[in-house]
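Undergrad: Next input, structure requested:
(2 chains)
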There are 2 protein chains.
Amino acid sequence: MTDYRTLRVALLGAGAVGSQVADLLLKHGDELADRAGAKLELAGIAVRNLDSKRDADLPRELFTTDAETLIVGSDIVIELMGGIEPARTQVLHAIASGADVVTANKALLATHGSEVFEAADQVGAEVYYEAAAAGAIPIIRPLRDSLAGDRVVRIMGIVNGTTNYILDRMDTEGADFADVLAQAQALGYAEADPTADVEGYDAAQKAAILASLAFHTTVPLDAVHREGITSVDAAMIESARHAGYVIKLLAVCERLTAEDGSESISVRVYPALVERTHPLASVHGANNAVFVQAEAAGDLMFYGAGAGGVQTASAVLGDVVSAARRHIAGGVGVGESTRANLPAVPIGHVITRYQITLEVDDKPGVLATVAGILSEGRVSIATVEQTVIEADQTTQTGGSARLVIGTHKAREQDLSETVERLAASGVVERVVSVLRVEGN
Amino acid sequence: MTDYRTLRVALLGAGAVGSQVADLLLKHGDELADRAGAKLELAGIAVRNLDSKRDADLPRELFTTDAETLIVGSDIVIELMGGIEPARTQVLHAIASGADVVTANKALLATHGSEVFEAADQVGAEVYYEAAAAGAIPIIRPLRDSLAGDRVVRIMGIVNGTTNYILDRMDTEGADFADVLAQAQALGYAEADPTADVEGYDAAQKAAILASLAFHTTVPLDAVHREGITSVDAAMIESARHAGYVIKLLAVCERLTAEDGSESISVRVYPALVERTHPLASVHGANNAVFVQAEAAGDLMFYGAGAGGVQTASAVLGDVVSAARRHIAGGVGVGESTRANLPAVPIGHVITRYQITLEVDDKPGVLATVAGILSEGRVSIATVEQTVIEADQTTQTGGSARLVIGTHKAREQDLSETVERLAASGVVERVVSVLRVEGN
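TA: This is a model prediction of the structure:
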């Protein structure tokens, strides 16, 4: 074997991903050395509790509870603790100690990314985070490097495996949200506290990271509009199917150009209708996919496992090899660029298509009233489908009808004001659902 | 605007891709400067004929027929001439002059890649070639960097848009090869001389490049087994559909592990049966997709436009920005690694599943004879379907039957010898087709 220089690697965290990273580092050491041009020596693994059970059989002597000391003198620090603290402190400590950092911590990057990247810039360190955006799917380098000469127009991502699993089973089985969630929890696809997934917090963090990269702009987490999937029910999914759609929790990152040529961005996470023929519609189970539209490259899609210990470990180790190559050869690393710094617009400015489902009185003139309110509100109707759902058998009047209205593109603010006026109009008994349609 | 250092960029070739690259470089100069950290000055465009018509409106004074002089003093040389010579000479000249090279020239890299990369290594230059493997799809960086810590087991790629367009239309319309090819030529999807595409030469070059990267191994073009799609007819496609398959021209790059643990690779291009539920089956029209299976990352897929001037220009400009960043910050670039250098095995060693279609005499005992020959040849039968295709109406004997046999995994050499024995057995009238089944 070639006589390589040795780089000292410190691992923080030995959960599902950390255990696999340590295992692969130890098992494939020679091969990784050939690829990296340096021997990667796992100097230690910092954990909270030395006696916790691990997913891989790792040498006991590598474990320590003293992360601070382990970090000092390390060339590469892999942070897989998750959460904000103590991860933030340790990452800043690693950067200050002169190490490059590899992290899968989307929460940290989405909330303290600027602080971390600036600290790294100041000392010439690099922060790698391929595993933070969509698990094992290589999306960071394509966005940062391969598309660096292009202009990303829009990203639509299925970036949360738990919610895609739930929505996919609801779609396949006609089951309701609560039942599928319970099954997913039993099978380990969803956490005991599923809030981060089902309310869209996890997807919003990833959306902020993807939008930052795609638009060369700092995107704070609170600029991301977020809605979860808890209000999606079997009837909505059935109605979507009937109209040729499937419901997916999408992270949408969009470049908007005003009439005067000025640009802004919109970053939003919500359950949306996607046409069944769209490539994103065939992303099943807990898989993730990121669909990218760029001015020159056209439509691209990146597909793979969104989570999982060993899958995510692959992305982490790719970053470790990149960091090692940089240590050996010096020079440029991640190449963050936030020089565009486009403003993020609120959700009200977004322009998309909608599907509005209403329960209305089944009597003459109702459709005319509804159409009039939509027209006044500058919401143009593309399709209407009316079904009688309940009628008084004696008089044949006074029953209800369901109206499913597909709109042309409309401004979110116009649309929501119009829906409020519909609700107050006297002819609408209930606004059943309002869903955005994405991906024309 | 920030006061950036200026890098001198020379462009060789102004065809479909070159014109778009020049246009985008001129149009998006400021934005590219922000991303690259350097102003990219298009110093000139070398062409054979100054008066040729171009796809974009470019300043006349940029054009020159003197590539040699243009190259001298350039920081980045973009080679988009295609073909081996004079591209090879100019690329080596550029490297010797101290420039980094960006190229989309798959023919050059597949045949003279080692020479080019070694010349670059010797002077510390870099060669970037994202556009050489699958048009606009970012596949080089994911393979080289993102998966650097993983082990790629297998790649299955639809890497030629023309043949995918032809096979897709044959599948959709039930049309025959010659008719669809003629249409494709009329529409500009296929060249007047379609040999490079339909005989699999283009796909084989891309397969060599992908396998080199994935397996860290020099893969000479003559190590790639190559078959084209000219023998695929409407009946084969119909029969594939009936069995739940679609026929795709696949570039398969596979890592093989022998019982003693020694490793080798197989690189091959041929029309293969792909299950209709496989993600590759839904790649339509002239699109490309690369399906990657890695030990840790699992299944990944990269999808997008495989060709097209402006799409490929996106990949070229991504490389130009990478080269510029390296010029500014110094250090590591492409990071070629061929340290594994696994041997490539001939096609006879490949193990896969097959679908064999035979016309046999429709008389008792034939199936037993066929089954016996397969068994002797160590080819195990998974499924058999027999259809009577022609019978003597008077005697009800002496007609023919069609046997469609699906095999379990078999060694290609065993299989082809067995098929020869079947053809010579006396009971087989005609071997209609033998197709590999890929991607379980």
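
Undergrad: I'd like the next helix or strand past the longest helix seen in chain A.
TA: If you go by DSSP state H, chain A has its longest helix at helix A:309-329. Per DSSP states H and E, helix A:309-329 leads on to strand A:351-361 as the next helix or strand towards the C-terminus.

Undergrad: Just want the residue of the stretch 1-150 of chain A that's nearest chain B.
TA: Closest contact between the stretch 1-150 of chain A and chain B, by Cβ to the nearest Cβ, is at A:Gly149 (2.3 Å). For every residue, glycine as well, the C-beta is placed using N, CA and C.

Undergrad: How about the contacts made by the residue nearest to that residue when sequence neighbours are not counted?
TA: Sequence neighbours aside, B:Leu317 is the residue nearest to A:Gly149 in space, at 2.3 Å (criterion: Cβ to Cβ, 6 or more residues apart in numbering or on different chains). Neighbour list for B:Leu317: A:Ala148, A:Gly149, A:Asp150, A:Ala296, B:Val21, B:Leu24, B:Leu25, B:Leu32 [criterion: Cβ atoms under 8 Å, 6 or more residues apart in numbering or on different chains].

Undergrad: would you say the residue of the stretch 1-150 of chain A closest to chain B is within a helix?
TA: No. Assigned with DSSP: H, G, I helix; E, B strand; the rest coil, A:Gly149 falls outside any helix and is coil.

Undergrad: wouldn't it be in contact with B:Ala323 here?
TA: No. With contact defined as Cβ atoms under 8 Å, A:Gly149 does not count as touching B:Ala323 (10.4 Å).

Undergrad: about what we covered before: which members of the contacts of B:Leu317 define the maximum pairwise distance?
TA: Maximum pairwise distance among those (Cβ to Cβ): 13.7 Å, between A:Ala148 and B:Val21.

Undergrad: who has more neighbours, these two?
TA: Neighbours per residue (other Cβ atoms under 10 Å in any protein chain shown) separate A:Ala148 from B:Val21, with B:Val21 holding more: 32 against 23.

Undergrad: Give me the three-state assignment for that one.
TA: Applying three-state DSSP: B:Val21 is helix.

Undergrad: Now that it has come up, it's in contact with B:Ala315, right?
TA: No. Applying Cβ under 8 Å, one finds B:Val21 not in contact with B:Ala315, separated by 9.9 Å.

Undergrad: and for the two, which residues touch both?
TA: With Cβ under 8 Å, 6+ apart as the test, B:Val21 and B:Ala315 reach no residue in common.

Undergrad: who's in contact with the residue lying closest to A:Leu92 once chain neighbours are set aside?
TA: Nearest residue to A:Leu92, sequence neighbours excluded (Cβ to Cβ, 6+ apart): A:Ala119, at 5.6 Å. By Cβ under 8 Å, 6+ apart, the residues touching A:Ala119 are A:Leu92, A:Ile95, A:Ala96, A:Ala125.

Undergrad: Tell me which residues of the host helix or strand of A:Ala119 come out buried.
TA: Assessed by DSSP H and E, A:Ala119 sits inside helix A:106-123. By neighbour count on 16 or more other Cβ atoms under 10 Å in any protein chain shown, the buried set for helix A:106-123 is A:Lys106, A:Ala107, A:Leu108, A:Leu109, A:Ala110, A:Thr111, A:His112, A:Gly113, A:Val116, A:Phe117, A:Ala119, A:Ala120.

Undergrad: Tabulate those (TSV), appending pLDDT.
TA: Below are these laid out as TSV (pLDDT from 0 to 100):
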residue	pLDDT
A:Lys106	90
A:Ala107	91
A:Leu108	94
A:Leu109	91
A:Ala110	89
A:Thr111	90
A:His112	92
A:Gly113	89
A:Val116	93
A:Phe117	90
A:Ala119	94
A:Ala120	92
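
Undergrad: Let me see the domain layout of chain A.
TA: A:6-136+A:310-329, A:140-305, A:350-438 (automatic domain parsing).

Undergrad: Adding distance to B:Pro142, write the ones you listed out as TSV.
TA: As requested, the domains of chain A are exported to TSV (distance: least, Cβ to Cβ, whole Å):
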stretch	distance to B:Pro142
domain A:6-136+A:310-329	9
domain A:140-305	6
domain A:350-438	25
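
Undergrad: Which of those sits closest to B:Arg276?
TA: The closest of those to B:Arg276 is domain A:140-305. By Cβ to Cβ, the value is 11.6 Å.

Undergrad: how long is that closest one end to end?
TA: 15 Å (Cα to Cα, to the nearest Å).

Undergrad: ok but A:Leu249 is inside a strand, no?
TA: Yes. A:Leu249: assigned to a strand according to three-state DSSP.

Undergrad: Just to check, it is in contact with A:Arg226?
TA: No. In this structure A:Leu249 lies outside contact range of A:Arg226 using Cβ under 8 Å: 10.3 Å.

Undergrad: Surely A:Asp176 touches A:Met170?
TA: Yes. Between A:Asp176 and A:Met170 there is a contact at 7.2 Å, judged by Cβ under 8 Å.

Undergrad: helix, strand or coil for the nearest residue to A:Ser52 once chain neighbours are set aside?
TA: Leaving aside its sequence neighbours, A:Ser52 sits nearest to A:Ala14 (Cβ to Cβ, 6+ apart; 7.5 Å). Put simply, A:Ala14 is coil when judged by three-state DSSP.

Undergrad: ok, A:Ala14 - how many residues close by?
TA: 26.

Undergrad: OK, contacts around it?
TA: Contact analysis of A:Ala14 by Cβ under 8 Å, 6+ apart lists A:Ala22, A:Ile45, A:Val47, A:Ser52, A:Arg54, A:Leu58, A:Phe63, A:Leu80.
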